[in-house]
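> Next come a sequence and a model predicted from it.
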Amino acid sequence: MQIVYHGHSAVQLITSGKSLIIDPFLSGNEHAVTKPEDVQVQAVLLTHAHQDHILDAAPIAKANDAPVVANFELAAYMSWQGVQTIPMNLGGTVDLGFAQAKMVPAIHTSGIIDNDNQTIIYGGIAAGYIVRAEGLTVLHVGDTALFSDMKLIGEQENIDVAFIPIGDHFTMGPDEALQAAEWYRAKLVVPVHYNTFQPIRQDAEAFVQKLEARGIAGKVMAPGDKLDISK
Ligand code: NI
Ligand code: MN
């Protein structure tokens, strides 16, 4: 399996010639090196409804004739943008054919800000995904605070790579992300959701050094970086 990090929380998985992208936020991220029109995928997965996770979802889904996988309410909202959807909810798994995606809890909000109507649209609740393919397990934590059921997820799953937010301000910060990394027991931890905007500036290399001091492998990925993993 090949994993491409596109910056912020945007993570693409490529397996057996098929691909999915989680939380595509490219056109709004000055650090991204990939354009939405260059993304080729069979599915788009969304953890929650905030702009920095869904901004390029509809254009990518339409261009690729790919479904958007999201919680029930966000899927309804995305269907109004004219895309195919696979609505799901926490605890459930959907089979995409080339990969399976389970929706797992996160503690965060998920509203859609409609500036024109000065309305906030309910976007369901926030989540993360466990994606399985080729016998490998990849966790995308989504945006979240620290919560103790991360330990349960770590006990139930054999996670090969975990993408964990460290930005603070809108999610947990590096110190709590260290605790999360211990609880998830992932073989490799990649920090995400930092440095995109001023309030979430963090030193990812320092975070990885602290991980390694605790015996956990970590890797800083820059936008566009690729990672190959296998059994
Ligand atoms: Ni968010
Ligand atoms: Mn976010």
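It's in. Ligands and ions are numbered 1, 2, ... in the order given.

> residues in this protein within reach of ligand 1, list them.
With Cβ under 5 Å from the ion as the criterion, the chain meets ligand 1 at residues H50, D143. Where C-beta positions appear, they are placed from N, C-alpha and C, glycine not excepted.

> Could you list the low-confidence segments of the chain?
Within the chain, not a single segment meets pLDDT under 70.

> all helices for it, in order.
For the chain, the helices defined by DSSP state H cover 51-54, 57-64, 72-79, 149-156, 174-184, 204-213.

> name the helices or strands packed onto the last one?
Helix 204-213 is packed against helix 174-184, strand 188-192, with contacts defined by 3 or more Cβ pairs under 8 Å, 6 or more residues apart in numbering; DSSP states H and E.

> could the ones you listed go into CSV alongside distance to P199?
CSV is the format used below for those (distance: least, Cβ to Cβ, whole Å):
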stretch, distance to P199
helix 174-184, 14
strand 188-192, 15
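
> any idea which of the ones you listed is most buried?
strand 188-192 (a mean of 25; mean count of other Cβ atoms under 10 Å).

> Would you mind listing what in this structure touches ligand 2?
Residues of the chain lying near ligand 2 (Cβ under 5 Å from the ion): D52, D143.

> looking at the chain, which residue lies furthest from center?
Centroid-distance maximum for the chain: N117 at 28.7 Å, with Cα atoms, centre = their mean.
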